[in-house]
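Visitor: below are the sequence and a predicted model for it; my questions follow.
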Amino acid sequence: METLQKESEKQIGQFVAEDYRTAAVFSKYKIDFCCNGNRTINEACEKKGIDSNVLLNELHNILNANGEQSIDYKSWPLDLLIDYIEKKHHRYVEEKIPVLRQFLNKLCSVHGERHPELFKINELFTASAGELAAHMKKEELILFPFVKKMVNAKLGEGAVQSPQFGTVENPIAMMMQEHDNEGERFRQIAELTDNYNPPADACNTYKVTFAMLEEFEKDLHLHIHLENNILFPKAIKLEQQFS
């Protein structure tokens with residue numbers, strides 16, 4: 001076991017990449033583990049005014065808990081991880097966006113006068129929906145196929161041609177910036193919804209919409225984590241083997 005001092009210098013993204021159960025602790029303290037996973041425990045705790053030892057003890061409790069182990073995404077081959085991200089997370093986003101947009105439009109028309117924050121929530125989600133759709137297509141058509149070609153080349157199945165984008169680090173930097181943008185949008189949505197707590201006069205549609213928004217954000221956090229903290233660093237390392 002590493003010392004607390006050494007662990008406090010460990011990056012948040014590393015903890016979550018090694019065991020996704022630790023994400024629950026970071027979420028509890030509102031520490032962003034996906035978009036800003038490259039900060040150390042010390043840096044994050046200092047910014048939030050949290051005792052790093054308290055946080056580390058909670059992390060240890062999670063890691064030492066018996067029961068179902070977290071899925072070891074880190075050990076997956078890159079092509080399997082890509083397929084999983086597309087089939088689970090990209091498909092989830094595509095399925096939920098039209099439903100949420102319909103519900104949010106309804107809430108604005110029925111409850112917007114008493115709860116004007118709904119218009120801003122709707123505006124933020126609509127912007128996020130458009131950006132995510134374009135973002136996922138760029139991954140599916142440009143970045144992911146190149147990573148799969150590198151995986152095949154390493155297995156001796158074909159060669160890797162130099163891509164038009166130069167190095168894989170270029171589209172990855174763009175994707176990470178876009179992840180940051182969506183992370184920020186959902187931070188605003190969480191704030192405007194009082195962390196997805198519907199008001200006292202909320203109807204069932206209101207409650208369901210807020211619950212769906214919260215689920216959407218949680219899925220997005222895992223989605224971004226898998227790419228930022230596992231897929232992207234591994235893809236950069238793989239490319240370096242061909243240089």
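Guide: Okay, I see it.

Visitor: convert the host helix or strand of Met176 to CSV, retaining C-alpha atoms only.
Guide: Per DSSP states H and E, Met176 falls inside helix 169-192. C-alpha atoms of helix 169-192 as CSV (Å, rounded to 0.1, in the frame of the first residue of the first chain):
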residue,chain,number,x,y,z
GLU,A,169,-2.6,13.7,-30.4
ASN,A,170,-4.2,16.4,-32.6
PRO,A,171,-7.8,15.0,-32.7
ILE,A,172,-7.4,13.8,-29.1
ALA,A,173,-6.7,17.3,-28.0
MET,A,174,-9.8,18.5,-29.8
MET,A,175,-11.9,15.8,-28.3
MET,A,176,-10.7,16.6,-24.8
GLN,A,177,-11.5,20.3,-25.3
GLU,A,178,-15.0,19.3,-26.4
HIS,A,179,-15.3,17.0,-23.4
ASP,A,180,-14.4,20.0,-21.2
ASN,A,181,-17.1,22.1,-22.9
GLU,A,182,-19.8,19.5,-22.2
GLY,A,183,-18.6,19.0,-18.6
GLU,A,184,-19.0,22.7,-18.0
ARG,A,185,-22.5,22.8,-19.6
PHE,A,186,-23.6,20.0,-17.3
ARG,A,187,-22.1,21.7,-14.2
GLN,A,188,-24.3,24.7,-15.1
ILE,A,189,-27.4,22.4,-15.6
ALA,A,190,-26.7,20.7,-12.2
GLU,A,191,-26.5,24.1,-10.5
LEU,A,192,-29.7,25.4,-12.2
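
Visitor: tell me the mean pLDDT for the helix or strand following that helix?
Guide: Next along the chain after helix 169-192, taking DSSP H and E as the criterion, comes helix 204-225. For helix 204-225, the mean per-residue pLDDT is 94.

Visitor: please identify the buried residues of helix 204-225?
Guide: 205-206, 209-210, 212-214, 216-217, 220-225 (16 or more other CB atoms under 10 Å). Glycine gets a C-beta too; all of them are placed from N, C-alpha and C.

Visitor: helices of the chain, residue ranges please.
Guide: Assigned by DSSP state H, the helices in the chain fall at 4-8, 12-18, 23-28, 41-48, 52-64, 78-84, 91-111, 117-138, 144-154, 169-192, 204-225, 232-240.

Visitor: among those helices, which is the most enclosed?
Guide: helix 12-18 (a mean of 22; mean count of other CB atoms under 10 Å).

Visitor: next one: that helix to chain centre, how far?
Guide: 13 Å (CA atoms, centre = their mean, to the nearest Å).

Visitor: pLDDT below threshold where in the chain?
Guide: 1-5, 66-70, 158 (pLDDT under 70).

Visitor: tell me the residue furthest from the middle of the protein?
Guide: Glu113 (33.0 Å; CA atoms, centre = their mean).

Visitor: contacts only, for that residue.
Guide: By CB atoms under 8 Å, 6 or more residues apart in numbering, the contact list for Glu113 is empty.

Visitor: phi, psi for it please.
Guide: Dihedral pair for Glu113: phi -70, psi -40, per degrees, to the nearest 10.

Visitor: what do you get for the one 3 residues further on?
Guide: Dihedral pair for Pro116: phi -60, psi -20, per degrees, to the nearest 10.

Visitor: number of nearby residues for it?
Guide: Residue neighbour count, defined by other CB atoms under 10 Å, stands at 10 for Pro116.

Visitor: surely Glu178 and Ala133 touch.
Guide: No - judged on CB atoms under 8 Å, Glu178 makes no contact with Ala133 at a distance of 11.5 Å.

Visitor: from Asn57, how far off is the spatially closest residue to Gly183 that is not a sequence neighbour?
Guide: Spatial nearest neighbour of Gly183, chain neighbours left out: Cys35 (3.8 Å); criterion: CB to CB, 6 or more residues apart in numbering. Distance of Cys35 to Asn57, computed by CB to CB, to the nearest Å: 25 Å.
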